[in-house]
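A.B. asks: Predicted model, plus sequence, below.
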Amino acid sequence: MTGKLMKQKTLALQQIYREGAARLEKAGIADAAQDAWLLLSHTAGISKAFYYGHPEKELSEEDAERYFAYIARRSLRVPLQHITGEQEFMGYSFLVNEHVLIPRQDTEILVEEALKLLKPGMRILDLCTGSGCILLSLLKKAGELKPGGMQSEPCQGIGTDISKKALAVAVKNAERLGIHAEFIQGDLFERAEGSFDMILSNPPYIPTEVIKGLQDEVRLYDPYIALDGKEDGLYFYRKIIRNSINYIKNNSYLLLEIGCGQGEAVTALLRNAGYEDIRVKKDLAGLDRVVISRYNGN
């Protein structure tokens with residue numbers, strides 16, 4: 001059917017796009033038109049301006065076949081980012097695959113809050129780094145903004161993750177962005193050395209029983225270890241907060257992304273561990289998203 005369709009109708013960009021969108025809509029993909037466009041843009045390397053200016057331009061049969069193969073994968077709920085191999089985060093393009101959690105826009109709040117606290121020469125630790133998007137975006141933005149002489153005294157960034165395959169993605173992203181950062185395989189603080197001025201993490205925080213109810217794109221394709229926060233979703237917050245006091249400098253910062261409704265519980269854990277100036281930052285939907293705290297070991 002696809003070959004016949006292409007020969008008869010769909011070598012034109014407009015017709016190929018309409019057919020792709022129709023197939024995704026039939027498959028029940030929520031953002032069918034948008035996903036069909038993004039896959040066409042990825043396949044043909046075109047902008048919307050070019051598309052609207054040249055809707056009748058023909059696509060090669062090879063590219064058209066490739067496009068409909070992408071559409072077929074997306075119809076099976078394979079995440080768009082796993083098909084294109086990248087995701088934008090904080091204005092930068094990050095490589096992603098099945099070994100890392102796809103960066104979400106809500107996580108940008110964590111980076112934005114960290115940027116407000118960043119000072120030249122800080123030593124930063126990113127736990128559960130995954131694709132490295134949090135640490136690398138922070139270091140990249142710091143270099144671009146150069147607040148208070150940041151360029152002359154750069155920050156040092158270290159990311160840890162239990163997954164060797166995830167760290168391989170982080171290393172590639174560092175190379176793409178031209179950022180120097182160290183990535184270490186280990187369980188949270190397992191192989192971290194020294195003390196830090198800032199510790200960040202977007203740890204697994206979804207209760208185990210909740211995972212089975214997530215949309216297929218998340219439940220079937222995001223790494224399970226990047227989702228599972230154990231029974232109540234707070235398992236990793238307990239470990240991170242309890243052990244952080246051995247690695248954080250006095251009057252330094254711990255920032256954590258959290259799930260909606262976890263602000264009160266995580267705040268209590270931080271307060272009991274000696275953290276002060278604790279505040280919860282909400283996302284655009286008004287839900288708990290990031291907890292910012294300062295350690296006072298006195």
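C.D. replies: Cool, got the structure.

A.B. asks: make it CA atoms for all contacts and neighbour counts henceforth
C.D. replies: OK.

A.B. asks: Now do the buried residues in stretch 221-235.
C.D. replies: 221, 222, 223, 224, 226, 227, 228, 229, 230, 233, 234, 235 (16 or more other CA atoms under 10 Å).

A.B. asks: And for the residue nearest to the fifth one when sequence neighbours are not counted, the neighbour number?
C.D. replies: With CA to CA, 6 or more residues apart in numbering as the criterion, residue 226 has its nearest non-adjacent residue at 5.0 Å, and that residue is residue 204. For residue 204, the number of neighbouring residues by other CA atoms under 10 Å comes to 23.

A.B. asks: Show me the strands paired with the strand or helix carrying residue 159, marking each as parallel or antiparallel.
C.D. replies: Using DSSP states H and E, residue 159 maps to strand 156-161. Strand 156-161 has the following strand partners under DSSP bridges: strand 123-127 (parallel), strand 182-185 (parallel).

A.B. asks: Just after it, pick out the following helix or strand.
C.D. replies: Next along the chain after strand 156-161, taking DSSP H and E as the criterion, comes helix 164-177.

A.B. asks: Compute the inter-axis angle for that following helix and strand 156-161.
C.D. replies: 150 degrees (axes from the mean of the first three to the mean of the last three CA atoms, to 10 degrees).

A.B. asks: For the stretch 51-200 of the chain, which residues score under the pLDDT cut-off?
C.D. replies: Applying pLDDT under 70 to the stretch 51-200 of the chain flags the ranges 145-152.

A.B. asks: which residue ranges form the helices in it?
C.D. replies: With DSSP state H, counting those that start in this stretch, the ranges of helices along the stretch 51-200 of the chain come out as 61-75, 80-84, 108-117, 133-145, 164-177.

A.B. asks: mind checking which of the ones you listed is nearest residue 260?
C.D. replies: Comparing the helices of the stretch 51-200 of the chain against residue 260 with CA to CA, the closest turns out to be helix 108-117 (13.7 Å).

A.B. asks: now the angle between helix 133-145 and the closest one, please.
C.D. replies: Using the same axes, to 10 degrees: helix 108-117 against helix 133-145 is 40 degrees.

A.B. asks: quick one: contacts of helix 108-117?
C.D. replies: 89-90, 134, 137-138, 141-142, 255-257, 283, 289-290, 292 (CA atoms under 8 Å, 6 or more residues apart in numbering).

A.B. asks: would you turn those into a markdown table with neighbour count?
C.D. replies: Shown next, in a markdown table, are the contacts of helix 108-117 (neighbours: other CA atoms under 10 Å):
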| residue | neighbour count |
| --- | --- |
| 89 | 18 |
| 90 | 21 |
| 134 | 27 |
| 137 | 23 |
| 138 | 24 |
| 141 | 16 |
| 142 | 19 |
| 255 | 23 |
| 256 | 24 |
| 257 | 27 |
| 283 | 16 |
| 289 | 23 |
| 290 | 28 |
| 292 | 23 |
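
A.B. asks: Go through those and say which is closest to residue 208.
C.D. replies: Of the contacts of helix 108-117, the one sitting nearest to residue 208 (CA to CA) turns out to be residue 257, at 17.7 Å.

A.B. asks: beta partners for the spatially closest residue to the closest one that is not a sequence neighbour?
C.D. replies: Nearest residue to residue 257 in three dimensions, chain neighbours excluded: residue 290, at 4.3 Å (CA to CA, 6+ apart). Using DSSP bridges, the bridge partners assigned to residue 290 are residue 257, residue 281.

A.B. asks: Spit out the contact partners of residue 290.
C.D. replies: 109, 110, 255, 256, 257, 258, 263, 280, 281, 282.

A.B. asks: how's the chain carved up into domains?
C.D. replies: 2-76, 86-295 (automatic domain parsing).

A.B. asks: so which of these is the most packed in?
C.D. replies: Comparing the domains of the chain by mean neighbour count (mean count of other CA atoms under 10 Å), domain 86-295 comes out on top with a mean of 19.

A.B. asks: what's the first-to-last distance across that one?
C.D. replies: For domain 86-295, the first-to-last residue distance is 36 Å (CA to CA, to the nearest Å).

A.B. asks: likewise stretch 72-90?
C.D. replies: For stretch 72-90, the first-to-last residue distance is 29 Å (CA to CA).
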